[in-house]
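In: Provided below are the primary sequence and the corresponding predicted coordinates.
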Amino acid sequence: MKIISEISELRLQITTWRRQGLKIAFVPTMGNLHAGHISLITEAHRHADKVVASIFVNPMQFGVNEDIDNYPRTMENDQQKLIAANTDLLFTPTPAIIYPKGLDKQSYVEVPNVSDGYCGESRPGHFRGVSTVVCKLFNLVQPDVACFGLKDYQQVQVIQTMVEDLSMPIEIIPVATTRENSGLALSSRNGYLTEEELKIAPALAQNIQWLAQEIKSNNDFIGLAKQAANFINNAGMKTDYIHICHARTLQPASEDDKELVILAAAHCGKARLIDNQQVSL
C-alpha cells in the first residue's frame, strides 16, 4: 500500500492509473478504523481496479463545542488494517494541505434541504464541513465510485445530492451498517462508552427496530416517535432526536410515502450515537 500525503504525488499516481485504463474507488475516512470502515474497502474492491482510502480528521466539520483535539487518532493501527484489506493507496493530508488559506478563507460547498434538520440542526455547520471536504477529496482522487456507510444516513444523502447537483461523474455506493451482536452500530465514538454504557447503548437500535415494525400498521408517525424517544430515555440515554422521514428527501413522512427512514441520535454518557433504519411500506 502506498502512503501519500502530498497532493502532487497523489495526482501523479492517479494520472498513472488513469492512463492504464484502471477504474478507481475511494473511501474517505477520519481514521480510528473499525470493521465498518473495512467493509467499505471490501465493497470498493468489488467495483474498481484500485482502491484509495483517505484519513483526514476534518476540522471544518467540528462545531465550537466539539473537541477535535480529543478525536481518537490511531494511524499505525489504521494502516495495518488497510494493508490487510488490500488497499492500494492511503492519502493522509494535513489540515494545512487541505485548507492552505485557513478555514476562514476557504471556499465551501453547502447542500440545502437535506443538510437541514436532524444532525444538521444539532451540529450547525457540520454538513457544510462534510460536503466541502468530500468535494475537495473527490477533485483530488477523481474516483469512478465512492463508498459511504449507511450508519451516517443523512451524510450519504448530502453527498449523493451534492454529486447530482454538481454533475460529478461519480457513483455513490451506500454500504450497510456493520453492527455488534447486540445490534449497536459500530462507530468510532463507541470507544467513549464505559462498560455499563455499552450495555445501555443497544437500546437505540432496539427502539428503532420496534418503531420500524409499528409504522407498518400505524401512521401516527409523530406519536410513535415520541414513544420511542421515551423508551430510549428510560433505558438511560438522552434522545437528541428520532424522526420518521421520506427516505430520499428526509422531509417528515406523510401517510402517502412508501419509502421511509427512521433517523435517530442519542447521548450515552460522553458519546453521541446515531443510527437509522429504512422501511418500505
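Out: Structure received.
In: Spell out which residues sit in contact with Gly236, please.
Out: 200, 203, 268 (C-beta atoms under 8 Å, 6 or more residues apart in numbering). Bear in mind the C-beta positions are built from the backbone N, C-alpha and C, glycine included.
In: most surrounded residue in those?
Out: Cys268 (26 neighbours; other C-beta atoms under 10 Å).
In: So what pairs up with that one in the strands?
Out: Listed beta-bridge partners, Cys268: Ala271 (assigned using DSSP bridges).
In: Would you mind measuring from it to Gly36?
Out: 18 Å (C-beta to C-beta, to the nearest Å).
In: Over to Ile3?
Out: Using C-beta to C-beta, Ile3 is found at 22 Å from Gly36.
In: do Lys258 as well
Out: Applying C-beta to C-beta to Lys258 and Gly36 gives a distance of 28 Å.
In: which residues of the protein fall in strands?
Out: Assigned by DSSP state E, the strands in the chain fall at 2-4, 24-29, 50-55, 89-91, 145-149, 171-175, 238-246, 259-268, 271-280.
In: Which one of these lies nearest to Gln213?
Out: Of all the strands of the chain, it is strand 271-280 that lies closest to Gln213, at 8.9 Å by C-beta to C-beta.
In: just checking, what packs against the closest one?
Out: helix 203-214, strand 259-268 (3 or more C-beta pairs under 8 Å, 6 or more residues apart in numbering; DSSP states H and E).
In: quick one: which of those is nearest Gly183?
Out: Comparing the helices and strands packed on strand 271-280 by C-beta to C-beta, helix 203-214 comes nearest, at 4.0 Å.
In: Buried ones in the closest one, by neighbour count?
Out: 203-208, 211-212, 214 (16 or more other C-beta atoms under 10 Å).
In: could you give the mean pLDDT of it?
Out: Taken as a whole, helix 203-214 carries a mean pLDDT of 97.
In: got it, and stretch 90-110?
Out: Stretch 90-110 shows a mean pLDDT of 97.
In: Ser107: which of the contacts of Gly236 is nearest?
Out: For those, the residue nearest Ser107 by C-beta to C-beta is Cys268; the value is 36.5 Å.
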